[in-house]
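Asker: got a predicted model here, sequence first, then my questions.
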Amino acid sequence: MNAIETLLIALVLTNLVLLGASRLHNAIRIVALQGIGLGVLPILAHHGGMLWAAVLLGAGSALIKGLLFPAMLRRALRETHGHREMEPFIGFNLSLLCGVGALALSFWLGARLPLPWPPVADLLVPAGLFTVWTGLFMIVARRKAITQVLGFIVLENGIFTLGIVLVEAMPLLVELGVLLDIFVAVFVMGIIVFNINREFDHINTDQLAALREDAP
Amino acid sequence: MIRLLVLLPLAAAVAAMLLRAPGQRHALLVATAALHAALSVLAFIRPPACAADAWLGLDPAGLLFLGLTSFLFLAVAVYAVHSLRQTRGSQGRQVEVDTGTVFVNAPEAVFIACLLVFLSTMTLVTVSRHLGVLWVAVEATTLATAPLIYFHRQPSSLEATWKYLLVCSVGIALALLGNFLVVIAAAAADGTGGTLLVPELLARSVGLQPAWLKAAFVFLLVGYGTKMGLVPMHTWLPDAHSEAPSPVSALLSGALLNCAFLGIWRAHAICAAAGLAEFSGALLTGFGLLSMGLAAALIVNQSDFKRMLAYSSVEHMGLLAFGTGVGGVAMYGALLHALNHSLVKAALFLVAGNLVALYQTKSIAKVSGVGRLLPVSGALWLAGLMAISGMPPFGTFAGEFTMLRAAFAQGQGGWALAALVALGVAFVGMSRAFLNMVYGDAPAGLAPAREARRAYGPSLMLLALSLALGLWLPNGLHRLLAQASLWAGGGVP
């Protein structure tokens, strides 16, 4: 087993831990870890071509996802003084069960997708798909605005992993643009979370329901 | 020249943050808008040449929407300066009558800077020839507009901003997956040759792998469809468009939805070139009809007039998707309708801003007697109703007629009838609300106000332009619409 496979297995494991994590601080730490690990991935996966591009992309990604995001989210959490628990819509055990199901589905899909060329590692597509799924699940099944931001970051991590298949085909400038967009997105989300807390005294998005369409 | 179009508003945004005096900032906003419009006109007269592998360049549809965006922004900038001056009189504190909450506005410098960044990112969407750059630009429009929607610092705006940011960011993330799939579809068996450059994809369309391209289109449609407000990804749209200050609503509905449509348009063009027009067209038709049906149903019982306008936008975006999906001459009609819908909807949102400023409410039931209190706005409100309902001689009629006639001619009469029913239902719902607002007695305590020329001028101009386009379509514009339609595999009437 090479380094890439190890990293991808670690990615799958962090996703499972995230699905079962009940404390926000832990979740933030795990997402940070995931971000740093993914920063190494493009450097390992790159073959031929521009090493410096892969290094720049990996370092930038690790810096933003591993250091900046967690710092911002911790700050938002500190300001909110609220419960530090996840407050899920779907319980942790059931979440984990869903996760295992999704993992099986990802492997099945990954085996069936006839990629025109072999990816750097067999695990890449299933691990990426599973991460995307974990992110979407966190956005839907967790109550707090801050967990939804975490879910968005995990979703992006999954897409980033899938993008490794195309390391050579995506121009660096575009990749950096994507990274910048995500950075600003999470930054703006952090500000909004902060304001939600100030206005409503909580960051539970299920109580943001004033604008719903009334049932006729 | 193209770079200047993108960078000019960006530089102005930085300047807006640095300037101290509000008057200078207002002047800067209008001057930048005017300069941008002038540059766009120049691009119309002499389309700038670009290298074959350049990331930025103007395809016909891009040029069309660039001009539209630039023009709308100019009209909105004039109005925005007026409405900013108006709200400053109240020491920054305002009261939302419906809920009784007191709120303040965001700092004006941030508002104007975000407006200018918004213009820059929309321009970048229109000039992108590279799907990756297009993605970056569309996501950037979301980020630039989020602070604009939260301009009125009150809980409901915050809720709308959060929904907008999250739903659109997740949607756009799926479009990024779509981009990856495009690269795979274009790559050879050894992994080389993947590209996101639209002209190259169009030129090599025969060699693209159909299965991957189909999957890519689905993701791009869902991703950009979220931003365009297609049902069922539209949930954020009525909230954001109704909670944002009216000039911003006008830009969101009039310009930003078109930008998302442009993303889908380009993806559809690639599919059509690769012989998959039937597949992508069927998806577009389905999403389009679904959007029209649901929006029409929700318009009927709507109690908030800005939300009503927002649902009307969902409906018209559905109509654009439907027209594009039908293909052939209907694609020409879709572009013509996109143009007219933007003019009319922006005008309606600006008039709605005048109503909110006087009545301090968005509730249809609490607004009556507009015709007495604000005669000009009342007249424009009724004219806008006629225009948005697609009545001749407004330009909206020409677009809708072209699309529906093409649908009948191409054997899709059943779907065209369904679209007509949805349009009819929406017309009944909107006219009932609009007529009740304009006629009737004014609520006690409100006196007829003198209407400033800047309050109604922009909407008057936009509606007049849509009327003019209905009566006479200039040759140059017809040629551009035809080019854009042919570029994406459509037809010309």
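Answerer: Structure's in. What do you need? Residues are numbered from 1 along each chain as shown, chains lettered A, B, ... in the order given.
Asker: end to end on stretch B:192-202, go ahead and measure it.
Answerer: In stretch B:192-202, first residue to last residue: 18 Å (Cα to Cα, to the nearest Å).
Asker: report the buried residues of it.
Answerer: Buried residues in stretch B:192-202, counted by 16 or more other Cβ atoms under 10 Å in any protein chain shown: B:194, B:195, B:196, B:197, B:198, B:199, B:200, B:201, B:202. Yep, even glycine has a C-beta here, placed from its N, CA and C like the rest.
Asker: same deal with stretch B:384-402?
Answerer: The neighbour-count check on stretch B:384-402 (16+ other Cβ under 10 Å) flags B:384-390, B:394-400, B:402 as buried.
Asker: again, but for stretch B:3-21
Answerer: B:5, B:6, B:8, B:9, B:10, B:12, B:13, B:15, B:16, B:19.
Asker: quick one on the thing from earlier: lowest-confidence member of the buried residues of stretch B:192-202, which is it?
Answerer: Scanning the buried residues of stretch B:192-202 for pLDDT, the low point is residue B:194. It has 77.
Asker: can you classify it as helix, strand or coil?
Answerer: coil (DSSP: H, G, I helix; E, B strand; the rest coil).
Asker: distance check, it against residue B:201.
Answerer: Using Cβ to Cβ, to the nearest Å, residue B:194 is found at 10 Å from residue B:201.
Asker: residue B:30 now?
Answerer: Counting by Cβ to Cβ, the gap from residue B:30 to residue B:201 is 39 Å.
Asker: and which of the buried residues of stretch B:3-21 is nearest residue B:460?
Answerer: residue B:9 (25.3 Å; Cβ to Cβ).
Asker: do you know the pLDDT at that closest one?
Answerer: 95.
Asker: and if you look at residue A:171?
Answerer: For residue A:171, the pLDDT comes out at 73.
Asker: for the record, mean pLDDT for stretch B:423-436?
Answerer: Averaging pLDDT residue by residue across stretch B:423-436 gives 95.
Asker: in that stretch, what counts as buried?
Answerer: Buried, per 16+ other Cβ under 10 Å, within stretch B:423-436: B:423, B:425, B:426, B:427, B:429, B:430, B:433, B:434.
Asker: any idea how far it is from the middle of the chain?
Answerer: 21 Å (Cα atoms, centre = their mean, to the nearest Å).
Asker: output the contacting helices and strands for the helix or strand of chain A with the lowest mean pLDDT.
Answerer: Least confident helix or strand, chain A: helix A:172-200 with a mean of 80, by mean pLDDT, DSSP states H and E. Contacts defined by 3 or more Cβ pairs under 8 Å, 6 or more residues apart in numbering or on different chains; DSSP states H and E place helix A:172-200 against helix A:51-62, helix A:69-80, helix A:145-163, helix B:131-149, helix B:155-186.
Asker: distance to residue A:39 added to these, as JSON lines?
Answerer: Below are the helices and strands packed on helix A:172-200 laid out as JSON lines (distance: least, Cβ to Cβ, whole Å):
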{"stretch": "helix A:51-62", "distance to residue A:39": "3"}
{"stretch": "helix A:69-80", "distance to residue A:39": "12"}
{"stretch": "helix A:145-163", "distance to residue A:39": "10"}
{"stretch": "helix B:131-149", "distance to residue A:39": "20"}
{"stretch": "helix B:155-186", "distance to residue A:39": "18"}
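Asker: alright, I will stop here.
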